[in-house]
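Participant: what's the 3D shape of this:
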Amino acid sequence: MEKYQDLISVIVPVYNAQKYLEECIESILNQTYQNFEVWLLDDHSTDDSRKICESYRDRDMRFHVLTAHNPEHLGCGALRDLGIQCATGDYTIFIDSDDTFEPHALERLLTAVKEEQSDIAVGNFTKYLEADQTFLFHVHEPDYFVKTYSPREWFQEGQKPEFYTLNCFTVAWGKLIRTSLLRKVSYRSDVSSEDDYTQYKLYLLADRITFVNEPLYLYRVLENSNFSTAKRSTKYPREAREERIALLTAIGFDTSNELEMYKYRIRMQRDAYLDEHKPVEYRNACAMLEILEKYHAL
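Facilitator: Have a look, this model is predicted:
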């Protein structure tokens with residue numbers, strides 16, 4: 001008998017994912033925690049993804065399949081928002097259709113939020129490079145730990161490069177989030193890094209955030225994914241960091257770590273603009289860096 005009875009909504013945005021979709025869905029079915037519902041959100045796929053989704057719906061009443069009303073390709077952000085509105089669970093978690101959960105992922109994250117009385121539980125992940133067929137492990141068993149933060153503590157301490165912590169918290173997938181909290185935000189559909197503009201707001205809205213430093217999610221890096229094919233200048237937008245710094249400053253948080261990341265992103269964009277032959281944007285980025293250095297902003 002399961003220790004907890006909370007319903008978990010699993011949201012899966014789907015677009016032309018037939019190669020990996022069944023493996024993704026099977027990783028949900030094989031969870032040690034079974035009180036879940038699954039929302040498979042098809043973004044007008046042109047392959048057999050829709051048929052695969054419907055086959056699981058037809059044999060398991062916990063599965064639901066929706067297609068966006070807009071006939072155009074909406075993107076992941078809009079699909080996430082659609083899933084949030086449909087979710088009936090106490091908690092919600094996202095998984096991308098080419099990724100997989102470890103079998104105990106839902107149970108481990110739910111145990112963390114219940115025992116730590118948190119609004120969000122964030123798990124670590126393993127990265128798989130499809131082109132090289134190589135696994136990149138960010139954390140090993142001797143380093144497993146659970147740590148809970150207040151929002152202020154997390155923005156001060158939780159953004160370290162160790163164990164890929166910063167990446168864990170930035171992406172939308174692999175986090176168990178109280179559904180009522182998730183409904184307070186929206187994901188942008190006009191950018192390739194929609195989670196960069198959204199996730200930090202969830203941490204500010206939460207009272208307690210728990211980090212489970214265990215690899216509970218397998219993230220597959222594909223050469224033709226939206227993120228991989230996006231321009232370098234848009235992958236890590238400085239605009240998202242500007243919005244974030246403005247909000248944190250307004251509520252009185254220390255932004256020294258944020259400013260360091262902001263400068264790093266400007267450098268990335270500067271170099272990308274040079275490669276993309278965008279002289280105006282390149283000069284503006286150079287000017288911003290010079291101003292930051294001049295006034296010792298960091």
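
Participant: identify the residues contacting stretch 289-298?
Facilitator: Stretch 289-298 is touched from outside by 256, 259, 260, 263, 266, 267, 270, with contacts defined as Cβ atoms under 8 Å, 6 or more residues apart in numbering. Placement of C-beta: from N, CA and C, glycine included.

Participant: scan this structure for its longest strand.
Facilitator: With residue count as the measure and DSSP state E as the assignment, the chain has strand 209-221 as its longest strand.

Participant: and that strand, how far from the chain's centre?
Facilitator: In terms of Cα atoms, centre = their mean, to the nearest Å, the centre of strand 209-221 is found 10 Å from the chain centre.

Participant: ok, back up a step: what subset of the contacts of stretch 289-298 is buried?
Facilitator: Burial by neighbour count, 16 or more other Cβ atoms under 10 Å: within those this picks out 259, 263, 266, 270.

Participant: residues contacting the last one?
Facilitator: Shown here is residue 270, whose contacts under the criterion Cβ under 8 Å, 6+ apart are 282, 285, 286, 289.

Participant: check which helix or strand the last one maps to.
Facilitator: The one in question is residue 289. helix 279-294 (DSSP states H and E).

Participant: my read is residue 12 is in a strand, agree?
Facilitator: Yes - the assignment for residue 12 (DSSP: H, G, I helix; E, B strand; the rest coil) places it in a strand.

Participant: now for it: which residues touch it?
Facilitator: With Cβ under 8 Å, 6+ apart as the criterion, the residues that contact residue 12 are 24, 25, 28, 38, 39, 40, 41, 83, 94, 95, 96, 97.

Participant: what is it paired to in the beta sheet?
Facilitator: When bridges are assigned using DSSP bridges, the partners listed for residue 12 are residue 40.

Participant: the strands in the stretch 1-150 of the chain, which residues?
Facilitator: 8-14, 36-42, 63-67, 91-94, 100-101, 120-129, 134-137, 146-149 (DSSP state E, counting those that start in this stretch).

Participant: residue 161: which of those strands is closest?
Facilitator: Set against residue 161 and scored by Cβ to Cβ, the strands of the stretch 1-150 of the chain come closest in strand 120-129, at 13.1 Å.

Participant: columns mean pLDDT on top of the strands of the stretch 1-150 of the chain, output as CSV?
Facilitator: Compiled in CSV, those are given as follows (pLDDT from 0 to 100):
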stretch, mean pLDDT
strand 8-14, 97
strand 36-42, 97
strand 63-67, 94
strand 91-94, 98
strand 100-101, 98
strand 120-129, 96
strand 134-137, 91
strand 146-149, 96
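
Participant: including distance to residue 234, could those go into TSV?
Facilitator: Below are the strands of the stretch 1-150 of the chain laid out as TSV (distance: least, Cβ to Cβ, whole Å):
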stretch	distance to residue 234
strand 8-14	19
strand 36-42	24
strand 63-67	27
strand 91-94	21
strand 100-101	27
strand 120-129	21
strand 134-137	24
strand 146-149	30
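
Participant: can you say which of these is packed in most?
Facilitator: Between the strands of the stretch 1-150 of the chain, the one whose residues have the most neighbours on average, counting mean count of other Cβ atoms under 10 Å, is strand 91-94 (a mean of 27).

Participant: that strand packs against which elements?
Facilitator: Counting contacts by 3 or more Cβ pairs under 8 Å, 6 or more residues apart in numbering; DSSP states H and E, the secondary-structure elements packed against strand 91-94 are strand 8-14, helix 76-86, helix 105-116, strand 175-178, helix 179-182.

Participant: export these to CSV and tack on distance to residue 246?
Facilitator: Rendered in CSV, the data for these read as follows (distance: least, Cβ to Cβ, whole Å):
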stretch, distance to residue 246
strand 8-14, 29
helix 76-86, 21
helix 105-116, 30
strand 175-178, 24
helix 179-182, 22
